[in-house]
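[1] Show me the folded form of this:
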Amino acid sequence: MTSSETVELDALSQRIARIIIERLQLEDLTPESFPKHAILFAKEHQGGMGFDSIGSLEIAAGLADDFNLELDDISEQDFMSVETLAAYIAKQQQKASS
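    Residues are numbered from 1 along each chain as shown. Sure thing, here's the model as predicted:
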């Protein structure tokens, strides 16, 4: 991975974290403090964020709106963490621009 790709993924991760924070009203987190590799839907005692199905719908809606994406074909693996979402969105943006 090149340094420009890393910067792009970092910027996408920040944007995704901001969307999640806003959509789920997580007032105790900032995009910079959001744990980018934490599993979004795993229980907190398992190192995850503990979000539920309503949270997943809110996150999906926010991502679809902000990035103008169809998320119908997103896999569970792509929806695991902010990092995996950033990689998925980067791939989708690459496909759209080619």
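[2] list the contacts for the spatially most central residue of the chain?
    For the chain, the residue nearest the mean C-alpha position is residue 82 (3.6 Å; C-alpha atoms, centre = their mean). By C-beta atoms under 8 Å, 6 or more residues apart in numbering, residue 82 lies in contact with 13, 16, 17, 20, 34, 35, 36, 37, 38, 40. Quick note: C-beta positions are derived from backbone N, CA and C, even for glycine.
[3] Apply 7 Å and report the result again.
    Neighbouring residues of residue 82 by C-beta atoms under 7 Å, 6 or more residues apart in numbering: 13, 16, 17, 34, 36.
[4] next one: residue 36
    Contact analysis of residue 36 by C-beta under 7 Å, 6+ apart lists 13, 17, 81, 82, 83.
[5] Next, count neighbours for the last one.
    To tie it back to what came earlier, the one meant is residue 83. 17 (other C-beta atoms under 10 Å).
[6] What's the local residue count around the nearest residue to residue 12 once chain neighbours are set aside?
    For residue 12, ignoring the flanking residues on the chain, the nearest one in space by C-beta to C-beta, 6 or more residues apart in numbering is residue 86 at 3.9 Å. When neighbours are defined as other C-beta under 10 Å, residue 86 has 22 of them.
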